[in-house]
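Chemist: my questions concern the predicted model and sequence given below.
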Amino acid sequence: MIVDLDCFKPINDTWGPAAGDDALCELADRLRIFSDRCTTVACTGGEEFAVLITGGPERESQAALATQICCLLSRPSTTLPQPVAACVSIGIARAPEDADSSDGLLRCADAAMYHIKARSAARFISITLHTGETLHAREQL
């Protein structure tokens, strides 16, 4: 999964980068709750995190986890002078159905996440990258 925190730029613009960094650390701490189900939760840059899930959960389990992550990260930050809730976009890719390499999985999850961001929706999506680079999307509300 690629998890992106939308609408984060106004936090940095309003309270400064240090406050934005504190809020990111708080949100990263929230993601640690899922570490028992994940091999890795890592910040990949800016307001983006990668969540690597092992054990091959079914798509329904991935959808449930994505919903939990959305709910958890959408709660207002307690480190800022005023409560601010982050919008979350999550792209999901699954091996081997969606891609057969780590680069391919990241690319699929990233494409799915950007697809959701373009739709301005706090949702998640799974995108499969087939031969010929054709993207097939399956959205979850």
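Modeler: In hand now; what should we look at? Numbering: from 1, shown residues only.

Chemist: could you pull out the helices for this structure?
Modeler: 9-15, 17-31, 59-74, 102-118 (DSSP state H).

Chemist: what does the shortest one rub up against?
Modeler: Outside of helix 9-15, the residues within contact range by CB atoms under 8 Å, 6 or more residues apart in numbering are 19-20, 23, 77, 80-81, 84. (Each C-beta comes from the backbone N, C-alpha and C, glycine too.)

Chemist: which of the residues you listed lies closest to residue 116?
Modeler: Ranked by distance to residue 116 (CB to CB), the contacts of helix 9-15 are led by residue 84 at 20.4 Å.

Chemist: looks like that closest one contacts residue 78 (just checking).
Modeler: No. Using CB atoms under 8 Å, residue 84 makes no contact with residue 78, being 10.0 Å away.

Chemist: of the two, give the one with the bigger neighbour count.
Modeler: residue 84 (17 against 9; other CB atoms under 10 Å).

Chemist: quick one: residues contacting the more buried one.
Modeler: If you count contacts by CB under 8 Å, 6+ apart, residue 84 has them with 11, 23, 76-77.

Chemist: now residue 68
Modeler: Contacts of residue 68 by CB under 8 Å, 6+ apart are residue 34.

Chemist: and for the one 10 residues further on?
Modeler: Counting by CB under 8 Å, 6+ apart, residue 78 touches residue 26.

Chemist: quick check: mean pLDDT across stretch 84-93?
Modeler: Per-residue pLDDT over stretch 84-93 has a mean of 84.

Chemist: please save the CA atoms from it in CSV.
Modeler: This file holds the C-alpha atoms of stretch 84-93, laid out as CSV (Å, rounded to 0.1, in the frame of the first residue of the first chain):
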residue,chain,number,x,y,z
VAL,A,84,-6.7,19.6,11.6
ALA,A,85,-7.8,16.3,10.0
ALA,A,86,-5.7,14.9,7.1
CYS,A,87,-7.4,13.4,4.1
VAL,A,88,-5.9,10.1,3.1
SER,A,89,-5.4,8.5,-0.3
ILE,A,90,-4.3,4.9,-0.4
GLY,A,91,-3.2,2.9,-3.4
ILE,A,92,-3.1,-0.9,-3.1
ALA,A,93,-1.2,-3.4,-5.1
